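>>> I'd like to go over a predicted model; first the sequence, then the structure.
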Amino acid sequence: MMSALRQTALAAVLAASLFATPAVAQQAPSEDAVYDVYARFRDDPQIAIERLENGLWRARLPLAALRSKQGAIRLYGAKATEDVSFAIAPQANVQSARLILRHVSGRAQEGSKPQLRLGLNGRFIAQVDGVTERAAAVNEIVIDPSILMSGFNKLRIDAVQRYTYVCQDPDAAELWTDIDTSRSYVEIIYARHPFAGSLADLGALVTAGVGGVDQLGILVGDGEMNEDTLRWGTIASQAVANRLAYRLPSISRVTAATLSANAGGADLIAIGTPDQLAGLAPAGLANLKGDDSWLSVSRSPADPSHFLIVAAGRTPAAIDGAVRALAAANFPLSDTSSVMLSPSELPLGALVAKKRQLRAGAKYAFRDLGLAETSLLGEERGEIDLDFELPADMRFRSKSEVVLELDFAYGAGLDDNSVVNILVNNEFQRAIRLTNPAGEVTPGYKLSLSPDAFRPGHNKVAFEVELSTETQGECAARSMRHLAFVMKDTSTITLPDADRYVELPNLALLSESGFPYAGIGEEPFAIQAGDRSDDTAAAVWTLGAKLGQINGTVFTEAEFGFGLGLDGMHTLVVGPRTALDGFLPAEVRLSGQVTATATGGKDGRESTFTQNYKTTDLGDNGLLIEGRSPQHAGRLVTVVTAESGSQLVASTRSLVQPSHWSQLKGGAAVWRENAATVVTQAPTEIFKIGQVRPGEMARMKSGRSPWRWILTIGAILFVLASALALIARYMRDRMNEK
């Protein structure tokens, strides 16, 4: 009976959601198509790694894939600079490297010889002439491998540009250079070192970048998945993803039988009992007793240049403890290849998240938020950024204020045009004029910001410093060495009190903060696999890795299960459409047309297109959809599905890429491999979680429906006026009687 109710509940959620399914990007007409014909633009540069002969690998890193900003690098002004960083893992033995740069400069600079100066890790590598022809130029710069190092490498591009109209104007509009980031790339040829390291080295060895963890195979015994193996695989995926910090590997399930065939080129994590892992683990694992847990790291038997991590125990509790120790960021792993841990040595309770969310009604110093004292010397312009995270369900009250108390100083010789502009999430809020010509040290400069400028998830307060000095005459040379501004780390930000309130569905919240599947809130949540197949397990592990990576959390407190049951918690359901199909009512299986509007292309204009779709055949599309649980008030159900198990894995791997993930919004999304195919749709029904004060709720409703609010006020005034008229008439009649 309970199972039938659960099936009916989920059917209702999917039915309500799929009636509002957005336009689905169709399959390309041919598998041989070079690009996706339904993409709004063709360029979709991705990091590509190719295996060569003689044990070598080639990594091609487009600049577009290395930058958070989209589009070309545009260098404006006489001295413009751009930094692009890329990572190289310790396992990579770089043999050769080169930089391919496609660029063009403004034609007004013809004859003034613009230049591009290129540096890598603080060392000069090349100088190329700017090109002022109608077409762009392509330069190849060979990079000395000895300049590259493990960890992040910073490529610095300086544009030296001149344009004179009577006088040299360093800010002239004609001073520009564009670098095509899609067709400019860093290419690295490398071999892989044989793996060598201890458990204490995992933080350095489990890294992203060239030669890092690109493929992750998880072995959790043989046979069908169960609740424990599904949970252990998710936690193991998060243990790797949280160490990678900003990238995700391709995660798949491997078995002992398919290890040699499917795990070549992949790093491995094996989870289970000593008997299950007898063919993989070191000999010492056989001596494991009782409730003790085992952790070890060694070379992978399928590829000695990759690692094999073993998390084992003779009981489920012991295995769980080993996996938790692997995932705990602050757990002190020993400088040995293996370790046995007793139950008293294992981390207990929920594991601490790497990222800390700020609390309402609290004051924070900039140094506590990671912003050290920052100086801008000899520069006319500079930016100082303060970054922090806010809970997804934090809603500041209407009459509250976010207060900044700034400790800063600036030098002498500035004119009245010097200013510090304050932007919150790229929107201008306030400005501070720097008016003292003798300079000034200003402690505790207080100003207030509107709480409406802040949003759930990641926030950035930018201090844009503009320092100006007087000119002596036409074309006079200026010295800027005296320009100085210092922001001290003793500055503070104070958050006001807030209510806990959020409106769902909202895929933007999922993308920004992982809510409600973030692993840092008090609300419990569940992750349900639609079936017990390896593909569905890999999709669950991939989504779990992405959601945990947002805040650096580990889902030790989440509930894992199979099927489509809703147990009074926020529930993430993952499975192929065939596993969910039996729970869809017949009337949902229909075809039709939906018109969607998308913005894309170089001109940024809107284009409207109509696409046919069938809910019974998703083709090559992935579908992410959210809805309210019909049985449990205030609970969200999120469904991730695709046409088949293999397509579910492929779609999930595409979804968690930043190019796709950052586009999520509304209540539903469909996508294909190309990031330009993502289509979203607003939810048709919204519900709320949490409570706000009545006055705040009235303000929110009036903001959404101002005419309803005006009519309500008008009706109240009419009733009051009518009552006063009746009272006046009654008093008049009484006086006349007397």
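Arrived safely. Numbers count the residues shown, from 1 in each chain.
>>> What pairs with the longest strand seen in the chain, parallel or antiparallel?
Longest strand in the chain, counting residues (DSSP state E): strand 92-105. Here strand 92-105 is paired, per DSSP bridges, with strand 137-143 (antiparallel), strand 176-179 (antiparallel), strand 185-192 (antiparallel).
>>> Identify whichever of those strands lies nearest to Q691.
Closest to Q691 of the strands paired with strand 92-105, according to CB to CB: strand 176-179, at 51.0 Å. Just so you know, the C-beta spots here come from the backbone N, C-alpha and C atoms, and that holds for glycine as well.
>>> The closest one: how far from the chain's middle?
Remark: strand 176-179 is offset 28 Å from the chain centroid, using CA atoms, centre = their mean, to the nearest Å.
>>> now that strand: mean pLDDT?
The pLDDT scores in strand 176-179 average 93.
>>> got it, and stretch 82-102?
For stretch 82-102, mean pLDDT rounds to 95.
>>> Can you dump the C-alpha atoms of that stretch in CSV for me?
C-alpha atoms of stretch 82-102 as CSV (Å, rounded to 0.1, in the frame of the first residue of the first chain):
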residue,chain,number,x,y,z
GLU,A,82,45.1,39.9,-18.8
ASP,A,83,46.1,36.8,-16.8
VAL,A,84,45.1,33.3,-17.7
SER,A,85,46.0,30.4,-15.4
PHE,A,86,46.2,26.6,-16.1
ALA,A,87,47.2,23.7,-13.8
ILE,A,88,49.7,20.9,-14.3
ALA,A,89,49.5,17.9,-12.0
PRO,A,90,52.6,16.5,-10.4
GLN,A,91,52.1,13.3,-12.4
ALA,A,92,52.8,15.1,-15.7
ASN,A,93,56.3,15.0,-17.1
VAL,A,94,56.2,17.8,-19.6
GLN,A,95,58.1,17.2,-22.8
SER,A,96,57.2,20.2,-24.9
ALA,A,97,54.7,23.0,-24.9
ARG,A,98,53.6,25.8,-27.2
LEU,A,99,51.1,28.7,-27.2
ILE,A,100,48.9,29.4,-30.3
LEU,A,101,47.7,33.0,-30.2
ARG,A,102,45.1,34.4,-32.6
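>>> Could you list the buried residues of that stretch?
By 16 or more other CB atoms under 10 Å, the buried positions in stretch 82-102 come out as 82, 84, 86-92, 94, 97, 99-102.
>>> from these, which is closest to Q663?
Using CB to CB, those come closest to Q663 at V84, 22.7 Å.
>>> before we move on, which element is the closest one in?
Here V84 sits within strand 79-88, counting by DSSP states H and E.
>>> Give me the angle between that strand and strand 92-105.
With axes from the mean of the first three to the mean of the last three CA atoms, to 10 degrees defining the directions, strand 79-88 sits at 150 degrees from strand 92-105.
>>> which residues are contacting strand 79-88?
Strand 79-88 has contacts (CB atoms under 8 Å, 6 or more residues apart in numbering) with 61, 63, 66-67, 73, 75, 94, 148-161, 170, 175, 177, 179, 186, 188, 207-212.
>>> do the same with stretch 51-58
I49, E50, Q95, E187, I188, I189, Y190, A191, R192, G211, G265.
>>> Try it again at 6 Å.
For stretch 51-58, contacts defined as CB atoms under 6 Å, 6 or more residues apart in numbering pick out E50, I189, Y190, A191.
>>> export those to a markdown table and tack on pLDDT and neighbour count?
Output for the contacts of stretch 51-58, formatted as a markdown table (pLDDT from 0 to 100; neighbours: other CB atoms under 10 Å):
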| residue | pLDDT | neighbour count |
| --- | --- | --- |
| E50 | 90 | 10 |
| I189 | 97 | 16 |
| Y190 | 96 | 24 |
| A191 | 95 | 16 |
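>>> Now, of the contacts of strand 79-88, which are buried?
Among these, those classed as buried by neighbour count (16+ other CB under 10 Å) are 61, 63, 66, 73, 75, 94, 148, 150, 153, 155-157, 159-161, 175, 177, 179, 186, 188, 207-212.
>>> Out of those, list just those in strands.
Per DSSP E, these map to strands at 61, 73, 75, 94, 153, 155-157, 159-160, 177, 179, 186, 188.
>>> Would you mind giving these as CSV with distance to G575 added?
Listed next are those as CSV, based on distance: CB to CB, whole Å:
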residue, distance to G575
L61, 35
I73, 42
L75, 48
V94, 42
N153, 41
L155, 43
R156, 47
I157, 46
A159, 51
V160, 57
T177, 50
I179, 44
V186, 39
I188, 39
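>>> of these, closest to G290?
Looking at those and their distance to G290, the nearest is V94, at 46.8 Å (CB to CB).
>>> That closest one touches L148, doesn't it?
Yes. If you go by CB atoms under 6 Å, V94 and L148 touch, sitting 5.2 Å apart.
>>> ranges for the strands of the stretch 601-738 of the chain?
606-614, 622-628, 636-642, 668-671, 679-681, 687-691 (DSSP state E, counting those that start in this stretch).
>>> hmm, who's touching the fourth one?
Around strand 668-671, the neighbours that count as contacts under CB under 6 Å, 6+ apart are 22, 24, 621-625, 660, 677-681.
>>> what's the farthest-apart pair in the residues you listed?
Farthest apart among the contacts of strand 668-671 by CB to CB are I625 and T677. That separation is 16.5 Å.
>>> what stretches of this protein score poorly on pLDDT?
1-44, 260-264, 471-478, 581-616, 692-714, 738 (pLDDT under 70).
>>> Now do the contacts for the residue nearest to R356 when sequence neighbours are not counted.
What sits nearest to R356 in space, not counting adjacent residues and going by CB to CB, 6 or more residues apart in numbering, is E389, at 7.2 Å. Counting by CB under 6 Å, 6+ apart, E389 touches K355, Q357, H458.
>>> Likewise for A92?
Going by CB under 6 Å, 6+ apart, A92 touches Y190, V210, G211.
>>> Serialize these to JSON lines and add fields for distance to D407.
Formatted as JSON lines, the contacts of A92 follow (distance: CB to CB, whole Å):
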{"residue": "Y190", "distance to D407": "47"}
{"residue": "V210", "distance to D407": "42"}
{"residue": "G211", "distance to D407": "44"}
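>>> Endpoints of stretch 345-362, how far apart?
From its first residue to its last, stretch 345-362 covers 35 Å (CA to CA, to the nearest Å).
>>> For it, which outside residues touch it?
For stretch 345-362, the surrounding residues in contact (CB under 6 Å, 6+ apart) are 321, 324-325, 328-329, 331, 388-391, 495, 497-498, 520, 551-554, 556-557.
>>> ditto for stretch 480-489
366-367, 372-378, 384, 407-411, 413, 465, 467.
>>> Please, a ChimeraX command that selects the buried ones among those residues?
In ChimeraX, a selection of the buried entries from these looks like this (16+ other CB under 10 Å):
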select :366,374,376,384,407,408,409,410,411,413,465,467
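>>> Of the contacts of stretch 480-489, which belong to helices?
Among the contacts of stretch 480-489, DSSP state H puts none in helices.
>>> and the contacts of stretch 480-489, which of them are in strands?
Secondary structure assignment by DSSP E places T374, S375, L376, L377, I384, D407, F408, A409, Y410, V465 of the contacts of stretch 480-489 in strands.
>>> Of all pairs in those residues, which one is the farthest apart?
Top of the distance list for the ones in strands among the contacts of stretch 480-489 (CB to CB): L377 and D407, 17.6 Å.
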